[in-house]
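Student: I'll drop the sequence and a predicted model, then ask my questions.
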Amino acid sequence: MGIFGGLFSKEKKESLDKGLEKTKESFFSKLGRAVAGKSKVDDEVLDELEEILITSDVGVDTTVRIIERIEERVAKDKYMNTAELDGILRDEIAELLSENNTQDLADFNVPEGHKPHVILVVGVNGVGKTTTIGKLAAQFKAKGKNVVLGAADTFRAAAVDQLKLWGERVGVPVVAHGMNTDPSAVAFDAVKQGVETGADLVIVDTAGRLHTKVNLMNELSKIKRVMQKFIPEAPHEILLVLDGSTGQNAFIQATEFTKATEVSALAITKLDGTAKGGVVIGISDQFKIPVKYIGVGEQVNDLQVFNKSEFVDSLFKK
């Protein structure tokens, strides 16, 4: 089945369980030590829990919200034993994820009602942006969708070449003008080709240079303007790719990119190599932007649509 090999939900779940293993082990070993010898959830246990959540990169603000919710339950129930803590934490984290706009997606689907659907992908270099685009292209192509890629990260020759390689591997066209060319011209031609060929999806890569934020903002605005010459409402989605293994750094990047452009969805990569999976909870809560995809391994099918109930289940699976 090659790189297009479909995944049954059982295999997907196994991949997710494995990808979150380091986070789960780290979290529960710390939690086990915090409640060792204690039968009741008291202030000391809650202080320990607060520290555990923060060191799992859930983030301070989100941690405070979780602790406050648990304190309310403790106050209401008067007595809560430590054996119940797992279940309560699980409930509160699931609740937090459902309060933002994250939908439980079943699969890689292109929204109906317009064609092509245009996704602008943003994120700093090194987060797995180009790889994420390649994996998205592979999975949408496997669903029978026609995909066009645009190599508008013209700041780095490697990014253009890498996207071309993905295009060859997946069997989708890549619009590229080479290095140091105008990114908006690439975006224009990619959308033009998408319209002319009746593509279902156009995915455009962009340069991620945060040290020149004003330039980044101007560049993304220009890219959007040229796309709108063909499709007035394009891009339909601005997908920010973040590296989950960078923990707090991912929060900083999310802050910068949400200032620079209207990010509408998140992809959080590299969760398999880290114990910082809590970053998914914190970023989702802080920015109220739906997490759409998560990366839990190297294979094409290890990029998964984010399902919050499955994510929480894998995180708390004993």
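Tutor: Ah, there it is.
Student: how far away is Gln248 from Ala275?
Tutor: 14 Å (C-beta to C-beta, to the nearest Å). Just so you know, the C-beta spots here come from the backbone N, C-alpha and C atoms, and that holds for glycine as well.
Student: Compare those two and say which is more crowded by neighbours.
Tutor: Ala275 (21 against 14; other C-beta atoms under 10 Å).
Student: Ends of stretch 98-114, what's the gap?
Tutor: Stretch 98-114 stretches 27 Å from its first residue to its last (C-alpha to C-alpha, to the nearest Å).
Student: Same check on stretch 203-216?
Tutor: End to end - C-alpha to C-alpha - stretch 203-216 spans 18 Å.
Student: Next, the buried residues of it.
Tutor: Ile203, Val204, Asp205, Thr206, Ala207, Gly208, Leu216 (16 or more other C-beta atoms under 10 Å).
Student: got it, and stretch 236-248?
Tutor: Counting neighbours by 16+ other C-beta under 10 Å, the buried set in stretch 236-248 is His236, Glu237, Ile238, Leu239, Leu240, Val241, Leu242, Asp243, Gly244, Ser245, Thr246, Gly247.
Student: pLDDT value on the residue minimising distance to the centre of the chain, please?
Tutor: Taking C-alpha atoms, centre = their mean, the centroid of the chain lies closest to Ala267, which sits 1.9 Å from it. In this model, Ala267 is scored at 96, pLDDT.
Student: Tell me the secondary structure of it, please.
Tutor: Using DSSP: H, G, I helix; E, B strand; the rest coil, the structure places Ala267 in strand.
Student: quick one: secondary structure of the closest residue to it other than its chain neighbours?
Tutor: Spatially, and ignoring its direct neighbours in sequence, Ala267 is nearest to Tyr293 (4.0 Å; C-beta to C-beta, 6 or more residues apart in numbering). Following three-state DSSP, we place Tyr293 in the strand state.
Student: cool, the one 4 residues further on as well?
Tutor: Using three-state DSSP, the secondary structure recorded for Gly297 is coil.
Student: Can you tell me the element Ile203 falls in?
Tutor: Per DSSP states H and E, Ile203 falls inside strand 201-206.
Student: Show me what that strand is packed up against.
Tutor: strand 117-122, helix 129-142, strand 147-152, helix 183-196, helix 213-227 (3 or more C-beta pairs under 8 Å, 6 or more residues apart in numbering; DSSP states H and E).
Student: for the residue lying farthest from the centre of the chain, phi and psi?
Tutor: Among residues of the chain, the one most distant from the C-alpha centroid is Lys78; the distance is 38.6 Å, by C-alpha atoms, centre = their mean. Backbone torsions for Lys78, taken as degrees, to the nearest 10, come to phi 70, psi -40.
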